[in-house]
Each structure stands twice: as C-alpha cells, then as structure tokens.
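Undergrad: Here is a sequence with its predicted model. Questions after.
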Amino acid sequence: ETTLKGEAVQSSIDRMINDSPYRCPSHQLYDPSYDAGGFEPADFKTTQVIDQSSILNSTLAVFMISFVAMILVGVFISVAKKLEEKNYKRWLKVLPSQEAKYLEDERIRYAQRQKDLNRRTTSMLSSFHLSLWQKTSVPILIVLAIAFFLSGHLSPVISVMFKATIRSSPMMQGDVEKLSMVQIISNMWHMDKKISACILAFFSVVWPYIKLVTTLSLWCSPPCFVGVSRRGWLLLLFNSLGKW
C-alpha cells in the first residue's frame, strides 16, 4: 500500500511510456538493442570560486580584533599594576614612619638585587650552565612547532564529498569542496558569526603563535630586555595557561 501511494509506481509507468516507442516493433523508433537501464553516470564537475580578497580581508579583520583584544589585556594589566603601586604608597602613609621606611628600604634593596642579577646573567640561549644541545634544541623545537601550526592552519581540514546511488549504480564525486582553518573562520565571519569567529581565531590560531613566539623571545633575549624574575614569571604563566 505504501508503494502504491508513493512515487515508485508512477515513475515506473512514466518510464514504460517513455520506452514504448523503442520497444514496439510497429513504431519507426523501434530499436531491438535498446536498453532502458543503461546510462552513463553523470560527470559532475564543480568549479569552486573563492574570493581571495574577501578571505584575506575577513582574516585580517579577525586577526586585528584579536590583536586589539591582546592590547586591551596588556593595558588592563598595566593599569592594575599602577593601581597596586598607588595603593601601596597610600598604605605606607598610614604606617608608622619607622616601619614605612623599613619597607621602602627593603623594596629598594630588592630592586637593586634584581638589577645586579640581570647584569650578571645572560639569556638562556647563551647560558654557560646549559649544554649545547639543551640551548639549541628548544628554539629548534619551537620553530618546528610554528611550522606545524602554519601547515595545519593553511592546509584543508574539512573535505566535502558527494556520493549518490542512481538505479543501483553508485556515483561518487570526491573532494567537492575543501576548507582550511582560515577559510572556516572567513566563512563564519561572512555568516555574521563574528563572535564565534573571533573566539576560534584567538584560541585556535592566534594563541599558539603568541605562546610560541613569546617563549622563543624569552629564551633568546638577554636580561637587559626582560628581567630574570619577569622572564620566569612569564614562562610559568604561559605554562599554566597552556594547561588550562
């Protein structure tokens, strides 16, 4: 009953009516070798037109937004440090003069010790306490990691394939469309999914390079650019953020 109510019976009747001139011996189109079931599989050729300028503009926009977000985070940290220093000075004013002087002298001595430490030490790349392979293996591994990330972000990560069955004959068209991470973010941006595109771009694209480039800079830069204490604090911070 379901078959009779469906389109299968009607399709069979239409096919028989269409094939009747070729099967009837009295008709002028009669063909004894006519095969109604024979057909050539359709050859689907897709032409993918990608607006490279649009992808580039949207990708640059996502990276710019992520860069502005990082700048805002840096400004927030700087303002927080300024407020902390201001509150510290205000707190010293309410203390007895001798205790305030002692704390201020301790802070000055600590800053002087840090300056002496930075002057005596070198970068991790030129440290005498590390062997040659330890000093060079870390930068090489970081550069290789950056290369792997670039390959992963620019190579196709999604492949769309077309597969159909016509009259029990399979037909398959592979690689109808390939999308890389950059193209996925670009498509999300054009589909008004800007917040999701920014989140995906920052955590999947921008953040790995920030961590790797910063770690490489801290490893190679001397303490006159980044102090020993700040260098250790930043390395521990990136290590903790990488785990979470």
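TA: It's in.

Undergrad: What is the subsequent helix or strand relative to the lowest-mean-pLDDT helix or strand in the chain?
TA: For the chain, using mean pLDDT, DSSP states H and E, the weakest element among its helices and strands is helix 2-5, scoring a mean of 46. Per DSSP states H and E, helix 2-5 leads on to helix 8-23 as the next helix or strand towards the C-terminus.

Undergrad: as a whole number, average confidence for that next one?
TA: Helix 8-23 carries an average pLDDT of 73.

Undergrad: Then stretch 234-241?
TA: Across stretch 234-241, the average pLDDT comes to 80.

Undergrad: what pLDDT does the residue lying farthest from the centre of the chain get?
TA: Distance from the C-alpha centroid of the chain, by Cα atoms, centre = their mean, peaks at residue 26 (69.2 Å). The model reports residue 26 with a pLDDT of 79.

Undergrad: what does the one 3 residues further on give?
TA: Residue 29 is assigned a predicted lDDT (pLDDT) of 79.

Undergrad: Equivalent analysis for the one 3 residues further on, please.
TA: Residue-level confidence at residue 32 comes out at 77, pLDDT.

Undergrad: Any figure for the gap between it and residue 19?
TA: Taking Cβ to Cβ, to the nearest Å as the measure, residue 32 falls 13 Å from residue 19. The way it works is simple: take the backbone N, C-alpha and C, and place the C-beta from them, glycine included.

Undergrad: go on, residue 134?
TA: Counting by Cβ to Cβ, the gap from residue 134 to residue 19 is 80 Å.

Undergrad: So between those two, which is more surrounded?
TA: Between residue 134 and residue 19, counted using other Cβ atoms under 10 Å, residue 19 has the larger neighbour count: 14 against 11.

Undergrad: so where's this structure uncertain?
TA: Along the chain, segments meeting pLDDT under 70 span 1-11, 35-67, 69-70, 73, 157, 160, 162, 164-177, 243-244.

Undergrad: What segments of it are strands?
TA: Secondary structure of the chain (DSSP state E): strands at 156-166, 169-180.

Undergrad: Please report phi then psi for residue 223.
TA: Residue 223 has phi and psi values of phi -60, psi -20 when expressed as degrees, to the nearest 10.

Undergrad: Now that it has come up, it's in contact with residue 229, right?
TA: No: counting by Cβ atoms under 8 Å, residue 223 stays clear of residue 229, with 9.5 Å between them.

Undergrad: Mind checking which of the two has more residues around it?
TA: residue 223 (19 against 14).

Undergrad: which non-adjacent residue is nearest the more buried one?
TA: Leaving aside its chain neighbours, residue 223 sits nearest to residue 118 (3.8 Å; criterion: Cβ to Cβ, 6 or more residues apart in numbering).

Undergrad: Likewise for residue 197?
TA: Nearest one to residue 197, counting by Cβ to Cβ, 6+ apart, is residue 188 at 4.1 Å.

Undergrad: residue contacts, that neighbour?
TA: 194, 196, 197, 200 (Cβ atoms under 8 Å, 6 or more residues apart in numbering).

Undergrad: Just the buried subset of those, written out for ChimeraX, thanks.
TA: In ChimeraX, this line selects whichever of these come out buried by 16 or more other Cβ atoms under 10 Å:
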select :197,200
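
Undergrad: number of nearby residues for residue 106?
TA: 10.

Undergrad: quick one on the thing from earlier: what touches both of residue 32 and residue 19?
TA: Counting by Cβ under 8 Å, 6+ apart, nothing touches both residue 32 and residue 19.
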